[in-house]
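Novice: all I have is the shape, not the residue letters:
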């Protein structure tokens, strides 16, 4: 599958430097955070561990959330690293008997941690949920809020971002639009003060001939950036599509959006999957994803200031294991030292791996 480049509308001012989740880099403590080899984070878990999300917290710690079957039920777990190689024991932060998957974690400027995930009570039947805490290892299930409340829908794979006056949760659903069998991106919004999410709305840059999936959002300083993958084939398994592309749009307020930009284009069938943004030590923002453009899977990065620079502006990331998937990266309190996490292992017994690396 190949899509022709879309007509480019005037771009909103791209702020690929500044702002974002970790707007103030904490001062490093001597002896903290050294480069490591690849290590398993999800130790003592014989079952499935997937869907990592990683952030640099305001106190300089690294916080990772993921989904695990280790307790006999799919739940969200969180661990925190404060000394580079010493991790807290994973804390189970959801306790519903339903399945909780695909967490997305964010910390705002006041230090509050925001967590969103999808909860399915049956296969492909469920909604998006949300919670917040001032301590990443202490979460009260009684404070959970249901972001989407429509029954008999298949809301999943959420991504959370903050604008100056709101929280936005982007997610995917196939069942919401009965006239369209494809997966589409939706979003729900809440004021930051009330955390009361309004009705889900369809993201305006969908197309009728393909699936849009795996959205990832980030506020990059003066605008909201959204990247997602587009492909033909089964709406349920975007990571198995033999060919896919990455699309990108920006908004100054989370409501009015730029035109859609096609970031990737290939003559031969190529996979582009699991896109995410991260911020570097010099405040530059990059997009990271897995691609098969060179044959075998590679993890590549694209500076947002060169978002139309595919493929010449691509940077190969050889520090994380390209044989894994769902790669997520964050900067650390040490300049030019980064933390990467990904999923690796046989089906049914996957683990979360990580590495601190210089780059």
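Specialist: Arrived safely, thanks for sending. Computed from a predicted structure; not experimentally measured.
Novice: identify the bridge partners of residue 186.
Specialist: Bridge pairing for residue 186 (DSSP bridges) gives the partners residue 171, residue 202.
Novice: next, the contact list for it, please.
Specialist: The contact partners of residue 186, by Cβ atoms under 8 Å, 6 or more residues apart in numbering, come to 148, 155, 170-173, 176, 200-203. Bear in mind the C-beta positions are built from the backbone N, C-alpha and C, glycine included.
Novice: dump the residues you listed to TSV, plus distance to residue 64 and pLDDT.
Specialist: Conversion of the contacts of residue 186 to TSV gives the following (distance: Cβ to Cβ, whole Å; pLDDT from 0 to 100):
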residue	distance to residue 64	pLDDT
148	25	97
155	24	97
170	21	98
171	21	98
172	23	97
173	27	96
176	31	92
200	28	96
201	31	95
202	31	95
203	27	96
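Novice: out of those residues, which are buried?
Specialist: Neighbour counting by 16 or more other Cβ atoms under 10 Å classes 148, 155, 170-173, 176, 200, 203 among these as buried.
Novice: residue 73: which of these is nearest?
Specialist: Nearest to residue 73 among the buried ones among the contacts of residue 186: residue 155, at 19.6 Å, using Cβ to Cβ.
Novice: that closest one is in contact with residue 116, isn't it?
Specialist: No. Using Cβ atoms under 8 Å, residue 155 is not in contact with residue 116, being 10.8 Å away.
Novice: what sits in contact with each of those two?
Specialist: residue 128.
Novice: still on that earlier bit, so which of the contacts of residue 186 is the closest to residue 215?
Specialist: residue 170 (4.4 Å).
Novice: now do that closest one against residue 331, distance only.
Specialist: When distance is defined by Cβ to Cβ, to the nearest Å, residue 170 is 23 Å away from residue 331.
Novice: now do stretch 243-259: distance from first to last residue.
Specialist: Using Cα to Cα, to the nearest Å, one end of stretch 243-259 lies 23 Å from the other.
Novice: sort out which residues of it are buried, please.
Specialist: Buried-residue list, stretch 243-259, by 16+ other Cβ under 10 Å: 243-252, 254, 257-258.
Novice: quick one: average confidence on it?
Specialist: For stretch 243-259, mean pLDDT is 95.
Novice: so residue 298 sits right up against residue 291, yeah?
Specialist: Yes. Using Cβ under 8 Å, residue 298 is in contact with residue 291, at 5.7 Å.
Novice: the more surrounded of these two?
Specialist: Neighbours were tallied for residue 298 and for residue 291 using other Cβ atoms under 10 Å; the higher tally belongs to residue 291 (24 against 16).
Novice: quick one: contacts for the more buried one?
Specialist: Counted by Cβ under 8 Å, 6+ apart, residue 291 has contacts 264, 270-273, 297-298, 300.
Novice: just put those residues in TSV and tack on secondary structure and pLDDT.
Specialist: Below are the contacts of residue 291 laid out as TSV (DSSP: H, G, I helix; E, B strand; the rest coil; pLDDT from 0 to 100):
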residue	secondary structure	pLDDT
264	coil	98
270	coil	97
271	coil	97
272	strand	98
273	strand	98
297	coil	97
298	strand	97
300	strand	98
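Novice: tabulate those residues in CSV, adding columns for distance to residue 130.
Specialist: Below are those laid out as CSV (distance: Cβ to Cβ, whole Å):
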residue, distance to residue 130
264, 31
270, 35
271, 31
272, 29
273, 26
297, 32
298, 34
300, 31
